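S.K.: okay, predicted coordinates and the sequence, questions at the end:
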Amino acid sequence: MTVFSVWAPEAARVRLRLFGGADHEMRSAAGGWWRVEVPGAGPGTDYAFLLDDDDYALPDPRSAWQPAGVHGPSRIYSHSSFPWTDSGWTGRQLPGSVLYELHVGTFTPEGTFDAAIGKLDHLVDLGVDLIELLPVNAFNGEHNWGYDGVCWFAPHEPYGGPDGLKRFVDAAHAKGLGVILDVVYNHFGPSGAYAPMFAPYLSEQSNPWGRTVNLDGPHSDGVRRYIVDSVLMWLRDYHVDGLRLDAVHAMPDSRAVHLLEEITVEVESLSTHLGRPLSLIAESDLNDPRLITPREAGGYGLHAQWNDDAHHALHTLLTGERQGYYGDFGSLEALTDVLTGGFFHAGTWSSFRQRHHGRPVDRQRLPGHRLVAYLQNHDQIGNRAVGDRLTASLSPGLLRVGAVLLLTAPFTPMLFMGEEWGASTPWQFFTSHPEPELAAAVATGRRREFASHGWATDDVPDPQDPETFLRSRLDWAELDKPEHREMLEFYRRLIALRKSRGDLSDPRLSSVDVRHGDQFVVMRRGECLVAANLAGRGQGISLPGVVRRVLLATGDGVTVMRDRIELPAETAAIVAL
């Protein structure tokens, strides 16, 4: 006997349709739920629901498996039947870890979970601790960034479906790698979003991607439960080690207990039960340390948040770009503020927003590991008109300088797939919407957006063109070329040094000391100094201490004379005092 249930608090009638079987009237239960028991149904059974007197079959909003796509029937999936081998896995804590962001569909030529398993040894050799997967929940079409997902409980079938994701997590754990999953709870994608037909999942407000999720209006208790249950499912049933919560600033919630705090409480309970750390990382545009302040101190208790200010400070210095939201950055003073205080916009004027923005971090109490920093990520590459990486505009020397500053900062560092070997492939915005009108609207909107920033419309790739997707796949053959092998070896040495020297991963913002001069910066990290010359000429730089030895240099020609270092153009060095 299988019990089918669905939440539809405003429906007058709900029926269950079994494909290859009959329709079954469902009984109304407490809290807006509908239920029916059906003999003979079980794992592998395809089903859907019919609302009121409509004969259009709708997939289950909580479907765990959509083998025929987001418009097809749901299929019963048994989480208990997967043969896990990670019973000895004790997890990976976020502090001290190096993260690696990857997109399953473009990480390998095959674009599947199983193909990605074949590259795990590469990540182990690199020194990665946690893999951050871009969203994998089901979306319409074959390939997509993942932020158009509509099934918040079902992994995308072309990637490998539920069992494929479990095989990936199981294999990662066997290699000592944790897995963070990017999840999107701030909107539904534009095609196949049937959940709002069952209940008021959406509010009347909107964000850049559509209507916002109903977190504080009528029936919002059920909507919040829907999200919390999805969170717990990924962590419990798929054994993932944490979640990255997309754009939480686009999730307005006026209730006394914010949804983020509610999620934190439930995840803490699950972590206690499972006996392994579970990490919650927010993407937020607010620069509000309340998100990552412990609940005991009045915060939401999330474990970390992405830090775009760190990216902007590094990117502008390395590239010289100043357009858009980069306008307030680009100085060594801005980089210093970030390295020592976490945020640049901390209650300060933002010319891009035309208002004051952010709030200061308590650098005496809040550890820097709660801020995830990066030179590149899917947004900062893919949301450029042509999806160009830093390799398209920076010399190998400056790429290495950027890597040194990232991986010796007091934050949790994250790499974007291929960054470690200086991949030359772009990562462009791609979709595969089957609906012609939606496809045309996405392509037109993309071109219009970048035209407003001065780009020629012909230069903006069509997201629907299959070549846009194919260009965005990593080219692993690049590792056969000397310049890429050398970059990979440099990243390996740099990550290994970070892990061997406690000073280089020390998260105490209050202990970071930075001074700068004419296109150079010196950062003290305990008994280590990081000196970086961003100029196109060599420089002699005085150091606040006597150098015992050079631990790592990004190029040849670095010389040390007691408390002075000579750095060739576009070079950095890490030295021990």
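M.R.: Nice, thanks for sending it over.
S.K.: strands of the stretch 1-150 of the chain, start to end?
M.R.: Taking DSSP state E, counting those that start in this stretch as the test, the strands found in the stretch 1-150 of the chain are 2-7, 14-18, 23-25, 27-28, 33-38, 46-51, 74-75, 99-102, 130-133, 137-138.
S.K.: go on, the stretch 301-450 of the chain?
M.R.: Using DSSP E, counting those that start in this stretch, the strands of the stretch 301-450 of the chain run over 304-306, 348-350, 355-357, 371-374, 412-416.
S.K.: so what are the sheet partners of the fourth one and their directions?
M.R.: Going back to what we said before, that points to strand 371-374. strand 304-306 (parallel), strand 412-416 (parallel) (DSSP bridges).
S.K.: got TSV for those, with mean pLDDT too?
M.R.: Formatted as TSV, the strands paired with strand 371-374 follow (pLDDT from 0 to 100):
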stretch	mean pLDDT
strand 304-306	98
strand 412-416	98
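S.K.: can you say which of the strands of the stretch 1-150 of the chain is nearest to T554?
M.R.: For those, the distance to T554 is smallest for strand 99-102, at 20.9 Å, taking C-beta to C-beta. For every residue, glycine as well, the C-beta is placed using N, CA and C.
S.K.: can I get the strands paired with strand 371-374 in CSV including distance to L534 and mean neighbour count?
M.R.: Putting the strands paired with strand 371-374 into CSV (distance: least, C-beta to C-beta, whole Å; neighbours: other C-beta atoms under 10 Å) gives the following:
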stretch, distance to L534, mean neighbour count
strand 304-306, 24, 25
strand 412-416, 19, 26
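S.K.: between these, which one is closest to V267.
M.R.: Of all the strands paired with strand 371-374, the one in closest proximity to V267, counting by C-beta to C-beta, is strand 304-306 (13.2 Å).
S.K.: picking that back up, so for V128, which of the strands of the stretch 301-450 of the chain sits nearest?
M.R.: strand 412-416 (7.6 Å).
S.K.: count of neighbours near the closest residue to Q428 other than its chain neighbours?
M.R.: In space, and not counting its chain neighbours, Q428 is closest to G387: 3.3 Å by C-beta to C-beta, 6 or more residues apart in numbering. G387 has 21 neighbours, counted by other C-beta atoms under 10 Å.
S.K.: is G387 in contact with S424, as I believe?
M.R.: No - using C-beta atoms under 8 Å, G387 is not in contact with S424; the gap is 12.0 Å.
S.K.: residues touching the nearest residue to H516 once chain neighbours are set aside, list them.
M.R.: Spatial nearest neighbour of H516, chain neighbours left out: L332 (3.9 Å); criterion: C-beta to C-beta, 6+ apart. The contact partners of L332, by C-beta atoms under 8 Å, 6 or more residues apart in numbering, come to 317, 516, 519, 521.
S.K.: please tell me how far the nearest residue to the third one once chain neighbours are set aside sits from D60.
M.R.: Which is Q519. Counting by C-beta to C-beta, 6+ apart, Q519 lies nearest to A535, which is 3.8 Å off, once chain neighbours are set aside. Distance of A535 to D60, given as C-beta to C-beta, to the nearest Å: 60 Å.
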